[in-house]
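Predicted structure and sequence below. I'll ask about it afterward.
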Amino acid sequence: MLLFTFFFFFLMSYQLSTWGQQLPPGSMGLPLIGETLYYIRSMKTSKPTFMADHRKKFGDIFKTKLMGTLCIIMTKPDFIKWVLAHDGKEIITGYPKSFKNVIGGDSTLNSVGARWKSARKFLVNSLRTERLRTRVSVVEDLILECLDSWQNKDPVNVREETKSLAFNAIAQILLGSRLQSGPINDALRKDFFLMCEGLFAIPIKLPGTKFSNALQARARIIEKLERDVVSKPQPENDEDYYADYMEHMRQESLPGTTEEKLLEETRCHMLGTMLAGHETAACTMLFAVKYISEHPNVLAELQAEHEGIIRACKIGGGESRLNWDDYRKMHFTQHVISETLRLCNPISLAWRQAVEDISFHGYVVPKGWKVVCALREVHHDPAYYENPEQFNPWRHDNESDNRANKPPFLAFGGGPRYCPGADLARLEISLFLHHLVTKYDWELCGGDKASYFPLPKLSKGLQIHVHKRVLVD
Ligand code: HEM
């Protein structure tokens with residue numbers, strides 16, 4: 001009887017709102033958790049097939065239950081682009097509860113309406129090209145420091161190195177020199193990792209769960225940032241994203257703004273930007289090194305491009321340091337980055353929520369349901385990418401100039417929430433690859449297995465033996 005009642009309420013929970021309208025086909029899995037374990041288990045293998053299996057059974061749009069919520073999954077680029085473009089209309093941001101709690105409801109990715117627009121204005125302005133131009137040397141200094149230290153390490157753990165590099169880069173961009181390498185920086189990085197692990201965990205606050213660990217890590221990060229970093233005097237010409245953001249939001253004078261709300265918003269915004277700004281770039285650098293190591297022809301073309309840039313600098317009597325114009329010459333490097341992102345998509349799903357019943361391609365997307373865009377799936381679809389599992393940067397070279405014929409590329413999302421850090425990420429990864437392929441030869445130690453949840457990972461962190469290269473003029 002108890003089981004029957006439970007099952008009845010479970011069925012009613014997603015049937016009532018859509019009575020008489022047709023939901024997409026699909027499978028709702030187990031009570032409460034739905035297909036969450038099936039999805040996570042699949043993403044933790046080196047060849048995730050959850051999405052492809054469901055598409056075979058149900059088509060390009062299907063229903064399921066993930067992370068405890070009712071979802072309509074979109075796997076076709078046109079559907080996804082429509083959903084992302086309608087953000088703020090009949091669809092709003094809809095990340096799962098654990099994600100909201102861990103990063104904070106007031107972070108950019110979780111906020112909506114006027115507050116999101118104001119936060120977004122600040123972000124886009126802070127990360128615009130003219131500003132990035134002036135940060136090239138800051139990012140390059142960090143890369144040189146990191147790569148120089150490799151001479152004393154054998155083997156080098158690429159995961160650890162790229163994580164600390166990407167963290168230092170975002171820390172310098174947002175907070176300037178007040179968060180340089182050292183114990184505070186190390187402790188913060190570790191806590192950001194714990195936060196990341198809890199983003200899509202089951203939201204149960206019991207000691208030792210990933211969710212609880214993430215919330216505790218979040219509290220420690222805020223405490224350390226405020227006590228040991230932003231309260232320190234700000235060196236002249238240094239960045240202070242924390243104070244600037246708070247002042248920007250104060251100036252916007254949005255209804256309901258109190259000092260308490262401003263502080264909470266600033267914390268959430270800071271945590272969200274720091275997290276989004278380093279874990280994604282770090283795993284892209286990591287997988288780029290893996291793919292390049294496995295493809296000597298890619299390495300040779302990259303080396304040719306970057307040695308060419310160095311030679312051009314010398315002939316022109318220029319400095320040995322890179323500038324924005326050098327970065328703009330790294331065409332093949334951009335294809336390598338796009339191809340790495342295509343294969344290992346740091347953000348596999350973009351989460352939205354319907355604010356009203358939506359009729360979509362003959363189906364109803366009921367109010368309150370999550371609308372989940374399967375970004376990763378698009379990049380692995382043979383309909384758009386020939387031999388999709390093959391690492392082939394040249395495929396981005398062949399892209400037609402005609403926009404309509406371009407294969408869909410959604411690694412940075414789309415619509416009004418398109419990643420505001422995309423240019424910074426590309427800059428960082430390009431400069432890293434420049435110095436890596438011109439300064440070192442390396443061999444893989446091997447034995448790594450890839451997995452993709454919550455972010456792409458390699459089981460041993462990609463260990464390599466490095467040897468200093470000598471550049472011949
Ligand atoms: C390879 C690196 C990166 C990838 C693949 C990536 C991917 C994405 C994607 C797919 C979204 C859209 C999510 C959605 O629509 O739900 C997004 C949003 C966002 N990204 Fe990135 N990102 C990267 C680097 C960065 C960096 C370096 C920063 C910060 C400096 C950053 C900050 C953000 C923020 C704040 C948002 C939310 C924007 C909004 O809600 O308006 N990302 N990113």
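It's in. These figures come from a predicted structure and were not determined experimentally. Numbering: from 1, shown residues only.

Pull up the gap between the closest residue in space to residue 33 that isn't next to it in sequence and the ligand, please.
Nearest residue to residue 33, sequence neighbours excluded (CB to CB, 6 or more residues apart in numbering): residue 68, at 6.6 Å. From N, CA and C alone the C-beta is placed, and that goes for glycine too. Counting by CB to the nearest ligand atom, to the nearest Å, the gap from residue 68 to the ligand is 19 Å.

Could I get the pLDDT score of residue 11?
pLDDT recorded at residue 11 is 48.

wait, the residue nearest to residue 33 sits on residue 35?
No. Contact between residue 68 and residue 35 fails when scored by CB atoms under 8 Å: they sit 11.1 Å apart.

Those two - which one has more neighbours?
Higher neighbour count among residue 68 and residue 35: residue 35, with 21 against 14, using other CB atoms under 10 Å.

where does that one fall, phi/psi-wise?
phi -110, psi 20 (degrees, to the nearest 10).

Spatially nearest residue to it (excluding sequence neighbours)?
Using CB to CB, 6+ apart, the closest residue to residue 35 is residue 29 (3.6 Å).

My read is that that neighbour contacts residue 65, right?
Yes. Under the contact definition of CB under 8 Å, residue 29 touches residue 65, with a separation of 5.6 Å.

Need the residues touching each of the two.
Common neighbours of residue 29 and residue 65, using CB atoms under 8 Å, 6 or more residues apart in numbering, are 35, 36.

Between these two, which is the more surrounded one?
residue 65 (25 against 16).

count of neighbours near the residue in the stretch 301-450 of the chain positioned nearest to the ligand?
Residue of the stretch 301-450 of the chain nearest the ligand, by CB to the nearest ligand atom: residue 421 (2.1 Å). Residue 421: 22 surrounding residues under other CB under 10 Å.

so the residue nearest the centre of the chain is in which element?
The chain has residue 280 as the residue nearest its centroid, 3.8 Å off, counting by CA atoms, centre = their mean. Using DSSP states H and E, residue 280 sits in helix 259-294.

My understanding was that residue 188 contacts residue 227; is that so?
No. In this structure residue 188 lies outside contact range of residue 227 using CB under 8 Å: 11.7 Å.

These two - which one has more neighbours?
Comparing residue 188 with residue 227 by other CB under 10 Å, the one with more neighbours is residue 188, at 21 against 11.

and that one, how far is that from residue 244?
Using CB to CB, to the nearest Å, one gets 20 Å for the distance from residue 188 to residue 244.

got it, and residue 163?
For residue 163, the distance to residue 244 equals 26 Å [CB to CB].

out of the two, which sits in the more crowded spot?
More crowded of residue 163 and residue 244, by other CB under 10 Å: residue 163, with 23 against 15.

Restrict the helix or strand hosting the more buried one to CA atoms and write it as CSV.
When elements are assigned from DSSP H and E, residue 163 belongs to helix 158-175. C-alpha atoms of helix 158-175 as CSV (Å, rounded to 0.1, in the frame of the first residue of the first chain):
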residue,chain,number,x,y,z
VAL,A,158,50.1,18.2,-15.5
ARG,A,159,46.8,18.3,-13.7
GLU,A,160,48.3,19.9,-10.6
GLU,A,161,50.4,22.3,-12.6
THR,A,162,47.6,23.5,-14.9
LYS,A,163,45.2,23.9,-12.0
SER,A,164,47.6,26.1,-10.0
LEU,A,165,48.5,28.0,-13.1
ALA,A,166,44.8,28.7,-14.1
PHE,A,167,44.0,29.5,-10.5
ASN,A,168,46.9,32.0,-10.2
ALA,A,169,45.8,33.6,-13.5
ILE,A,170,42.2,34.2,-12.4
ALA,A,171,43.4,35.3,-9.0
GLN,A,172,45.8,37.9,-10.5
ILE,A,173,43.2,39.1,-13.0
LEU,A,174,40.6,39.6,-10.3
LEU,A,175,42.6,40.5,-7.2
